[in-house]
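A.B. asks: A predicted structure for the sequence below; I have some questions about it.
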Amino acid sequence: MNTVIKRINSVTGIDSVVYLVSDTKYVSANFLSGSELKHIEKQKEKFKRDLVFFNKINKWIFIQFIKDEKDESKRLDALRKSGSEIVRRLNNNKIKKIVVRDVEGKSAELLALLEGMVLSNYQFLKYKKKDIDQETNSLQQVNVLSSVLEDPELDYLNTMVEATCKCRDIVNEPVSYLTAEKLASEFKTISGEAGIKCEVFNKKKIESLKMGGILAVNRGSIDPPTFTVMEWNPENKVNKKPFVFVGKGVVYDTGGMNLKIHDYMNDMKCDMAGAAAAGTAIYAIAKAKLPVHVISLIPATDNRVGGNAIVPGDVIEMASGNTVEVINTDAEGRLILADALDYAKKFDPQLVIDLATLTGSAQRAIGQSGLVGMQVKAERMFRELIKSSFQVYERIAEFPMWDEYSEEIKSNIADIKNIGGSNAGAITAAKFLEFFTDYPFIHLDIAGPAFLSKKETYRGEGGTGVGVRLLFNFIRKYAEKNNSTN
Ligand code: BES
Ligand code: MN
Ligand code: MN
């Protein structure tokens, strides 16, 4: 469920309102009384509060101050977080409707506040049967009153939020519902809504393509694997060669025969967060009709123990024709991604970006605050992606891809093995993926930020939808830059 922001032209006396301002001098006596103004000034000047609020008889008034922060990325994210705080208070007080009023014409700040608000109002209630009314957030309507906000900007925001919430829904689904086939059918459905061409390969087709990585991981499972190809190829595209997104779709990761121990398995329904992001990002791009040719490739299966499951020591043959020695069945993501990365070659892509909850190593290295990113032959576009990552605050930390790391994944009996030593696990995983590429390539390890076990401001609890706003922003910026020259 997501909240759609609507534009309005006037406020009524009973509306709860958030006023967005940078300074107390903009808080006007037009809409507030003298004692209210004094209260606000005191809270702001004396107690250094950026959010001041009070309750009138039938409504709430919030004054949201824009931080005096030069770093735009930090300034905007503070507003997203405030949006979350405002929504928490509105829901606690059973408020149904809020108007956000931009006093000074600050469009970027306004968008950030709204984004934080609607992303925070997300809930996953599909499996709640009891007390559903009490569980459901009261806030249903977020309206905006602004003279500077342009309609396309508001549409982009609504589209991005909708896709992010869709992504969260898919990630939050347990495998008891979301098998590989269900995941693929979700993509079929959203493709239909957005005018995306979508084809789902079944097990037979995957066998005929000799996608040995996907088939190997699937061997312990009773559910068949899928491989989904989504394509947005608009007539007015500004790129000659497509962007390809690849998403890791392990709908559940038990670890396979190298079974996960302790509580390491607990959140492993989220191991398809990369797939969900790749599928819903292209959905947003198509819905917004961005003039860019984009393809999403999504290999999917669960990783289970079973009578015929792969075991350490097995050698498998991949779609590329190369052989892989499987040392650890819990390093399964790279096996299914390798087949998709090989498949991507046939599109002659200008850039391939994969998103994957790939390694605990990435999570341990930088925690949940950002994505670990690496690039091969994509230096310039990686800089652009990092810029986008700070704008949407899904920040990328770059790791090196030095040649020496490849030594770690040399096998004695096959072309390559599926794990390296105990150090630099996120990098050796990326090196494994690089082996199957021949084009400009960016790998994003989202193991840290994909899923939060406790609620954190506008990222919420459970699936965060990380990657969707990032890819949307990146492709949008690309379209804007290239529109005039083509
Ligand atoms: N899906 C996991 C990685 C993961 C860990 C995602 C934590 C989200 C949160 C991946 O398939 C995995 O099991 N990786 C192993 C690789 C190891 C066997 C080389 C890991 O990181 O421990
Ligand atoms: Mn694993
Ligand atoms: Mn996994």
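C.D. replies: Cool, got the structure. Residues are numbered from 1 along each chain as shown. Ligands and ions are numbered 1, 2, ... in the order given.

A.B. asks: residue ranges with poor pLDDT in this protein?
C.D. replies: Across the chain, the ranges flagged by pLDDT under 70 are 1, 484-486.

A.B. asks: enumerate the residues of it near ligand 1.
C.D. replies: Within reach of ligand 1 by C-beta under 6 Å from any ligand atom, the chain has these residues: 253, 271, 328, 330-333, 357-361, 363, 419, 425, 447. Every residue, glycine included, has its C-beta placed from N, CA and C.

A.B. asks: tell me which of these fall in strands.
C.D. replies: Residues of the residues of the chain next to ligand 1 located in strands (DSSP state E): Asp253.

A.B. asks: can you narrow the residues of the chain next to ligand 1 to ones near ligand 2?
C.D. replies: 253, 330 (C-beta under 5 Å from the ion).

A.B. asks: put the buried members of the residues of the chain next to ligand 1 into a PyMOL selection.
C.D. replies: This is the PyMOL syntax for the buried subset of the residues of the chain next to ligand 1, where burial follows 16 or more other C-beta atoms under 10 Å:
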select buried, resi 253+271+330+331+332+333+357+358+359+361+363+419+425+447
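
A.B. asks: just the strands in the stretch 251-400 of the chain please.
C.D. replies: 294-303, 315-317, 323-325, 351-356, 371-376, 396-398 (DSSP state E, counting those that start in this stretch).

A.B. asks: would you mind giving the domain segments of this structure?
C.D. replies: Structural domains annotated on the chain: 5-149, 162-485, as defined by automatic domain parsing.

A.B. asks: can you list those in TSV and add distance to Tyr156?
C.D. replies: TSV is the format used below for these (distance: least, C-beta to C-beta, whole Å):
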stretch	distance to Tyr156
domain 5-149	9
domain 162-485	6
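
A.B. asks: do you know which of those domains lies nearest Asp155?
C.D. replies: domain 162-485 (7.1 Å; C-beta to C-beta).

A.B. asks: chain center to the closest one: distance?
C.D. replies: A distance of 11 Å separates the centroid of the chain from that of domain 162-485, by C-alpha atoms, centre = their mean, to the nearest Å.

A.B. asks: what of stretch 148-160?
C.D. replies: On the basis of C-alpha atoms, centre = their mean, stretch 148-160 sits 19 Å off its chain's mean C-alpha point.

A.B. asks: any idea which residue of the stretch 1-150 of the chain lies closest to ligand 1?
C.D. replies: Nearest residue of the stretch 1-150 of the chain to ligand 1 (C-beta to the nearest ligand atom) works out as Phe124 at 18.5 Å.

A.B. asks: which residues touch the closest residue to ligand 3 within the chain?
C.D. replies: Among residues of the chain, the one nearest ligand 3 by C-beta to the ion turns out to be Asp253. It sits 3.7 Å away. Going by C-beta atoms under 8 Å, 6 or more residues apart in numbering, Asp253 touches 260, 265, 268, 271, 302-303, 330, 332-333.

A.B. asks: can you do 10 Å?
C.D. replies: Contact analysis of Asp253 by C-beta atoms under 10 Å, 6 or more residues apart in numbering lists 175, 217, 260, 264-265, 267-272, 302-304, 330, 332-333, 357.

A.B. asks: put the buried members of those residues into a PyMOL selection.
C.D. replies: To isolate the buried members of the contacts of Asp253 in PyMOL, using 16+ other C-beta under 10 Å:
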select buried, resi 175+217+260+267+268+269+270+271+272+302+303+304+330+332+333+357
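
A.B. asks: one step back: most packed of the domains of the chain?
C.D. replies: domain 162-485 (a mean of 21; mean count of other C-beta atoms under 10 Å).

A.B. asks: give me the element the residue in the stretch 51-200 of the chain positioned nearest to ligand 1 is part of.
C.D. replies: Using C-beta to the nearest ligand atom, the closest approach of the stretch 51-200 of the chain to ligand 1 is made by Val171 at 11.3 Å. Taking DSSP states H and E as the criterion, Val171 maps to helix 151-172.
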